[in-house]
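> sequence first, then the predicted structure, then my questions.
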Amino acid sequence: MKYIFITGGVVSGLGKGITAASLGRLLKNRGYKVTIQKFDPYINVDPGTMNPCEHGEVFVTNDGAETDLDLGHYERFIDENLCKNSSVSMGQIYSSVIEKERKGTYLGKTIQVIPHITNEIKERIYSFEKTDTDIAIVELGGTVGDMEGLALIEAIRQVGLEKDLDDVCYIHVTLLPYISGSKEIKSKPTQHSVKELQSFGIKPDILVARADDHIPLEMKKKIALFCNVRPENVIENLTADTLYEVPLLLEQNGLARAVCKKLRLEKEEPKNEDWIELTKKIKKCKGEVRIAIVGKYVKLEDSYLSVVESLRHGGYANSVNVKIGFIDSEKITEENVKEKLEKYQGILVPGGFGNRGIDGKIIAIKYARENKIPFLGICLGMQMAVVEFSRNVLGIKDANSAELDDKTKNPVIHIMEEQKKITDKGGTMRLGAYPCIIKKGTLAHKLYNKDEISERHRHRYEYNNGYKKQLEEKGLICSGTSPNGELVEIVEYKDHPFFIAGQFHPEFQSRPDKPAPLFVGLIEAAKKIN
């Protein structure tokens, strides 16, 4: 078992997650079984109840874990389904240690950060030794020196002592700022960041330096000298034309070779041909399709990160570039909806929670339905499509979701019976992958070309089957259900060129080279709109 630890310094947002994901792909292309794990220093147990506008999207794994958005990058790059243990917060660590203390596991010992918290962290890291994984890449959130992340740094230092030297590699991602006044790249922030890391007992083996321009050889030598690493292990990480080009750029700059040398990995020759073809395909995309994402968390685009990437994947499959507009659903009214949406060839209403911005979503869905604009609804977007259709086609003017109005007389969307008694917000949802049976002869079946699929969920409320007959008679058919037929998973409007919505989140399983069918279909339909 080999371990690669990735830390960050100077500033946040340098792309540790993309670096980890890219390295994972390069090592997988060498024939190794790779997994990636993210440790976040915040005290929240998971991102599930965190504000998307503060933390970004919540990514959901097959086994139902609500995780950091970096896991989405990991899965899209290495094309492996990750698990609950792939995303660990300090809240989980402290909760576990306190629970063990309450049960007497520690036999009355005084509970301390060292060894109890650090041992708990290492236990999560070492858990992959029970699997067929060859290499575990572990990314630490935050930057070196952050108070809340000190226990994480100490734990990975201990791993370096407990494992053979050839089995552990430390990579530090840092920044080389360019000062326009003097027209110089400055290495001092990197030097200070490495010095900080060394003060905690960790000597980085490889530096990945983010820069806006190529790093001169003399600068690499200077960094190597002052940071105590070899010059060939100072890896340039430039901004790429496309996100999926980053692994190839890091390959060219020697990151994977440096890692293979440090870990004494025998399979050094990469097989990057498929990834090279993918990047060529991306660059050959011509023309433009404009898609509107109508949501309530548009202040931070990372709130819809997987949706954005999946739209781009759909574009790759259709050899077209996708231009995305983020439309604040709170600002959409009956009077301005045409002005806000008429320039778009497709409309997507994503998931979310709560009342805010709901009216704007419903108005946008109505506009898409009535004007034959290709539409895709996801989770809450699917539920609001049912509400809109019930109000404006069936004439049930007070139709609503019980989540938004628990006193509505017509809850076309209602909560699952078994969930009504649960009060813990983190425990009331249908989370993770569930099977779906698709009805033949439908748009859904045409897109998936399968009778049964599996998609990931994150929601509390469900389609109310009491209204199914009325809805289907008017054209909003249920084209996908749970195997027992009780839970509606997909609805579509048959009198429309492309109007489909899923109770699940198809964006969580989309890959650049294996795009989610619903997104491929949306872009294909949008291409036909003038």
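Arrived safely. Residues are numbered from 1 along each chain as shown.
> which SS class is residue 395?
Look at residue 395: counting by DSSP: H, G, I helix; E, B strand; the rest coil, its state is coil.
> hmm, I typed the wrong one, I wanted residue 75.
Once three-state DSSP is applied, residue 75 turns out helix.
> what does residue 38 give?
strand.
> ok, it touching residue 71?
Yes: using C-beta atoms under 8 Å, residue 38 is in contact with residue 71, at 6.3 Å. In this view, the C-beta of every residue, glycine as well, is placed from N, C-alpha and C.
> between these two, which contacts overlap?
Each of 86, 87 lies in contact with both residue 38 and residue 71 under the rule C-beta atoms under 8 Å, 6 or more residues apart in numbering.
> by contact count, what packs against the helix or strand hosting residue 98?
Counting by DSSP states H and E, the element that carries residue 98 is helix 90-102. Contacts defined by 3 or more C-beta pairs under 8 Å, 6 or more residues apart in numbering; DSSP states H and E place helix 90-102 against helix 118-126, helix 150-162.
> any idea how far the following helix or strand past the last one is from the chain center?
Spelled out, that is helix 150-162. With elements assigned by DSSP H and E, the helix or strand that comes after helix 150-162 is strand 168-175. Taking C-alpha atoms, centre = their mean, to the nearest Å, the mean C-alpha location of strand 168-175 is offset from the chain mean by 22 Å.
> export only the CA atoms of strand 168-175, formatted as CSV.
This file holds the C-alpha atoms of strand 168-175, laid out as CSV (Å, rounded to 0.1, in the frame of the first residue of the first chain):
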residue,chain,number,x,y,z
VAL,A,168,4.9,7.5,1.6
CYS,A,169,5.1,10.7,-0.6
TYR,A,170,4.4,14.2,0.5
ILE,A,171,3.3,16.7,-2.2
HIS,A,172,2.9,20.4,-1.3
VAL,A,173,0.8,22.7,-3.7
THR,A,174,1.9,26.3,-3.5
LEU,A,175,1.7,29.6,-5.3
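> and the contacts of the helix or strand following that strand?
Next in sequence after strand 168-175, counting helices and strands by DSSP H and E, comes strand 178-179. Strand 178-179 has contacts (C-beta under 8 Å, 6+ apart) with 184, 185, 186, 211, 212, 213.
> okay, now the first one: neighbour count?
Meaning residue 184. 11 (other C-beta atoms under 10 Å).
> show me the beta-bridge partners of the nearest residue to it once chain neighbours are set aside.
Of all residues not flanking residue 184 in the chain, residue 178 sits nearest, at 7.3 Å (C-beta to C-beta, 6 or more residues apart in numbering). Using DSSP bridges, the bridge partners assigned to residue 178 are residue 185.
> burial count for residue 178?
13.
> go ahead and confirm residue 501 touches residue 490.
Yes: counting by C-beta under 8 Å, residue 501 does reach residue 490; the two are 7.1 Å apart.
> more neighbours: which of the two?
Neighbour count, other C-beta under 10 Å: between residue 501 and residue 490, residue 490 has more, with 31 against 26.
> report pLDDT for the more buried one.
What the model reports as pLDDT for residue 490 is 98.
> correct me if wrong: it contacts residue 500.
Yes: using C-beta under 8 Å, residue 490 is in contact with residue 500, at 6.7 Å.
> where do the contact lists of the two overlap?
If you check residue 490 and residue 500 against C-beta under 8 Å, 6+ apart, the residues they both contact are 444, 479.
> which stretches of the stretch 351-500 of the chain have low pLDDT?
Applying pLDDT under 70 to the stretch 351-500 of the chain picks out residues 416-427.
> mind doing that once more with 90?
353-355, 415-429 (pLDDT under 90).
> tell me the contacts of residue 85?
Contacts of residue 85 by C-beta under 8 Å, 6+ apart are 37, 124, 127, 128.
> so who does residue 207 touch?
Contacts of residue 207 by C-beta under 8 Å, 6+ apart are 171, 172, 173, 174, 190, 194, 223, 227, 229, 233, 234, 235.
> most neighbours, which of those residues?
Busiest of those [other C-beta under 10 Å] is residue 174, holding 30 neighbours.
> against residue 380, how distant is residue 488?
14 Å (C-beta to C-beta, to the nearest Å).
> same question but for residue 308, I mixed them up
Residue 308 sits 17 Å away from residue 380 when distances are taken as C-beta to C-beta.
> more neighbours: which of the two?
residue 380 (28 against 21).
> so what's residue 367 up against?
337, 338, 341, 347, 373.
> list phi and psi for it.
Phi and psi for residue 367, reported as degrees, to the nearest 10, are phi -60, psi -40.
> do the same with residue 266
Backbone phi and psi, for residue 266 under degrees, to the nearest 10, turn out to be phi -80, psi -30.
> so where does the closest residue to residue 331 other than its chain neighbours fall, helix or strand?
Nearest residue to residue 331, sequence neighbours excluded (C-beta to C-beta, 6+ apart): residue 360, at 6.7 Å. Applying DSSP H and E as the criterion places residue 360 in helix 358-370.
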